[in-house]
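[1] here is a sequence with its predicted model. Questions after.
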Amino acid sequence: MMNEVLRTAILGAGQGGRAVKELLASSRQVVVWLDNDPKKKGSLIDGAPVDQPEAYEKYAVDGMITGTLNRDSADALEAQMRALGYSGPIIHGVDLRDRWDIRLATLRLLARQIEARKVEGAVAELGVYQGDLARELGNLFPERPLYLFDTFEGFADEDLTSPAEQAQGRRWDFSDTSPQQVLSRISHPERVVMCPGYFPETIPREAVRYALVSLDADLYKPTLAGLDYFYPRLSPGGAILIHDYASRQFEGVGRAVDTYCSEHDLWVLPLCDFHGSAVLLRQGG
Ligand SMILES: C[S@@+](CC[C@H](N)C(=O)[O-])C[C@H]1O[C@@H](n2cnc3c(N)ncnc32)[C@H](O)[C@@H]1O
């Protein structure tokens with residue numbers, strides 16, 4: 001029917017659920033967030049209440065969307081709603097994440113623009129780990145030097161500056177990698193300038209201009225140090241793609257970016273991807 005608005009429940013009131021909500025067409029209206037965490041019950045997100053899954057019938061929804069990015073959790077949420085007697089449609093946000101990649105699409109569009117407008121400079125990534133994104137950068141910019149910065153041993157203790165970051169430090173281990181392993185994944189390894197060790201101590205001695213930088217260090221201190229180093233060295237038309245800007249898990253990234261941007265009167269463009277990414281563009285002049 002024309003102009004029908006579908007009353008929609010989002011299952012999961014966390015970062016994944018919010019990312020899903022931003023992606024919804026205007027033909028869907030979120031009327032409730034259903035979440036198993038009893039502490040969230042009674043709060044409002046963008047004007048819609050958070051309630052327990054058991055209460056779903058009150059909201060007379062036309063459909064549900066799982067807002068978790070973990071496939072097992074999405075299946076478990078669907079099973080839970082079916083066990084509660086809900087028989088309407090349930091779609092999964094994780095299906096979208098698995099098929100479409102907004103961050104990568106943005107990177108491809110930026111690369112195309114940078115090449116078309118001949119923006120000068122090298123490409124870089126701070127926070128490489130096993131090189132998933134570095135490999136894409138190498139493919140997109142086969143002619144340019146690619147600077148790769150990582151401890152290749154995971155987070156440094158001195159960067160775990162808040163209780164939240166110390167908790168993430170216990171949870172995540174990024175040490176199962178090496179510069180050689182990453183190099184073997186890059187199509188033009190002769191273009192790579194490996195900068196292993198603690199950033200910012202690994203900043204190159206030579207003056208480098210950059211056209212595109214991926215900032216993916218997860219924590220406050222290296223993110224701020226990365227902006228301090230890279231932004232002034234970006235060519236006009238160049239860009240920094242920032243991973244986790246809106247992450248609730250790695251909240252230090254957003255803090256660092258907001259600190260840097262407010263001190264330098266800059267604004268980021270948030271992306272509607274599931275990583276909570278953002279782009280910082282260097283204007284001309
Ligand atoms: C989420 S991982 C990067 C993921 C990667 N971009 C990808 O595409 O898979 C974060 C990385 O940042 C690195 N890192 C964090 N702080 C750092 C610092 N101060 N110096 C160097 N590397 C750092 C960690 O070692 C880790 O490998």
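    That came through, no problem. Residues are numbered from 1 along each chain as shown.

[2] every contact and neighbour count from this point should use C-alpha atoms.
    OK.

[3] need the next SSE after the host helix or strand of residue 224, C-terminal direction.
    In this structure, residue 224 sits in helix 220-230 according to DSSP states H and E. Downstream of helix 220-230, the first helix or strand assigned by DSSP H and E is strand 234-242.

[4] the inter-axis angle of that following strand versus helix 220-230?
    Strand 234-242 and helix 220-230 are oriented at 160 degrees to each other (axes from the mean of the first three to the mean of the last three C-alpha atoms, to 10 degrees).

[5] direction included, what does strand 234-242 pair against?
    With DSSP bridges as the test, strand 234-242 is paired with strand 210-215 (parallel), strand 278-281 (antiparallel).

[6] let me see the confidence value for the nearest residue to residue 221 once chain neighbours are set aside.
    Spatial nearest neighbour of residue 221, excluding adjacent residues (C-alpha to C-alpha, 6 or more residues apart in numbering): residue 159 at 5.8 Å. On pLDDT, residue 159 comes in at 97.

[7] what about residue 159, distance to residue 274?
    25 Å (C-alpha to C-alpha, to the nearest Å).

[8] now do the contacts for the nearest residue to residue 153 once chain neighbours are set aside.
    Spatial nearest neighbour of residue 153, chain neighbours left out: residue 175 (4.1 Å); criterion: C-alpha to C-alpha, 6+ apart. Applying C-alpha atoms under 8 Å, 6 or more residues apart in numbering, we find residue 175 in contact with 129, 152-154.

[9] equivalent analysis for residue 250, please.
    Shown in contact with residue 250 (C-alpha under 8 Å, 6+ apart): 164-165, 168, 218-219, 244.

[10] ok, back up a step: look up phi and psi at the residue nearest to residue 153.
    Residue 175 adopts backbone torsions of phi -90, psi -10, taken as degrees, to the nearest 10.

[11] for the one 10 residues further on, same thing?
    In terms of degrees, to the nearest 10, the main-chain angles of residue 185 are phi -100, psi -10.

[12] wait, residue 195 sits on residue 148?
    Yes. Using C-alpha atoms under 8 Å, residue 195 makes contact with residue 148 at a distance of 5.7 Å.

[13] the two: which is more packed in?
    residue 148 (24 against 19; other C-alpha atoms under 10 Å).

[14] before we move on, which element is that one in?
    Taking DSSP H and E as the criterion, residue 148 maps to strand 146-150.

[15] touching the ligand at all, that strand?
    Yes. Contact between strand 146-150 and the ligand, assessed by C-alpha under 6 Å from any ligand atom, occurs at 149-150.

[16] pull out the buried positions in the helix or strand that that strand is followed by.
    For strand 146-150, the following helix or strand on the C-terminal side (DSSP H and E) is helix 163-171. Within helix 163-171, the residues that count as buried by 16 or more other C-alpha atoms under 10 Å are 165, 168-169.

[17] tell me the helices and strands packed up against the helix or strand where residue 137 lies.
    Element membership of residue 137, judged by DSSP H and E, is helix 132-140. Contact here means 3 or more C-alpha pairs under 8 Å, 6 or more residues apart in numbering; DSSP states H and E; on that basis helix 132-140 packs against strand 146-150.

[18] now do the helices in the stretch 1-150 of the chain.
    15-23, 71-83, 93-99, 102-116, 132-140 (DSSP state H, counting those that start in this stretch).

[19] quick one: contacts for residue 121?
    Residue 121 makes contacts with 144, 208-212, 234-235, as judged by C-alpha under 8 Å, 6+ apart.

[20] hmm, 7 Å instead?
    Residues near residue 121 by C-alpha atoms under 7 Å, 6 or more residues apart in numbering: 209-211, 235.

[21] which pLDDT value goes with it?
    As predicted, residue 121 sits at a pLDDT of 98.

[22] nearest to residue 270, of the strands paired with strand 234-242?
    The closest of the strands paired with strand 234-242 to residue 270 is strand 278-281. By C-alpha to C-alpha, the value is 4.1 Å.

[23] gap between the closest one and the chain center?
    How far strand 278-281 lies from its chain's middle: 12 Å, per C-alpha atoms, centre = their mean, to the nearest Å.

[24] who's in contact with residue 212?
    Listed by C-alpha under 7 Å, 6+ apart, the contact partners of residue 212 are 122-124, 238-240.

[25] I'd like to know which of the residues you listed is nearest to residue 94.
    Distance to residue 94 across the contacts of residue 212 (C-alpha to C-alpha) is lowest for residue 240, with 26.1 Å.
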